[in-house]
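# Next input, structure requested:
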Amino acid sequence: MSKVDFYVLRDRGELARQQFACKLAEKAYRLENSVHIQVADQASEKTLDELLWTFRDGSFVPHEVLASSGASPHVPVTIGYDKLPEKEPDLLINLGNTIPDNAAAFPRVAEVVTSDDDSLAQSRQRFVEYRDKGHSLDTHKL
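This is a model prediction of the structure:
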């Protein structure tokens, strides 16, 4: 089973979730972990792809968007909305609206939640689903 961390942000909006995901991916990359960021749709995939290059001056997060052919196995960070990497990375950052089908295959899962009512309600539902499946859960209020 996975260790699932819920990061509850004070900020509102999808951009806050995406920026935090970039910071988390950068930290994991610097610790030599592989990361997959699951997003809800193609527009979010494109936004996050651009944001990983610009979210902070001096940041460098090598990444690829998963296409139909898949990303290079040596890329430390991947982004996808309709596809998961063939090899499960060390960390799944879930920015999607549901729990990915194979989330249990990842050693760690990060759920990023904003203070919006919809985001909080969806995260509570995912928290219950993870708990019912036997995952180890932790919440971090930031």
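
# Endpoint to endpoint, stretch 52-59 covers what distance?
End-to-end distance for stretch 52-59, by C-alpha to C-alpha, to the nearest Å: 8 Å.

# no, scratch that, I was asking about stretch 61-79
OK, stretch 61-79 end separation, C-alpha to C-alpha: 12 Å.

# for stretch 99-109, same thing?
With C-alpha to C-alpha, one end of stretch 99-109 sits 10 Å from the other.

# Give me the distance between it and the centre of its chain.
11 Å (C-alpha atoms, centre = their mean, to the nearest Å).

# which SS class is the one residue sitting closest to the centre of the chain?
Per C-alpha atoms, centre = their mean, the C-alpha nearest to the average position across the chain is that of Ile93, at 1.7 Å. Three-state assignment for Ile93 (DSSP: H, G, I helix; E, B strand; the rest coil): strand.

# can you pull the contacts of it?
Ala21, Leu24, Ala25, Val35, His36, Ile37, Gln38, Val109, Ala110, Val112 (C-beta atoms under 8 Å, 6 or more residues apart in numbering). Using the backbone N, CA and C atoms, a C-beta is placed for each residue, glycine as well.

# Now for the fifth one, how many residues are close by?
The burial metric for His36, expressed as a neighbour count using other C-beta atoms under 10 Å, is 25.

# Find me the pLDDT at it, would you?
On the pLDDT scale, His36 is placed at 94.
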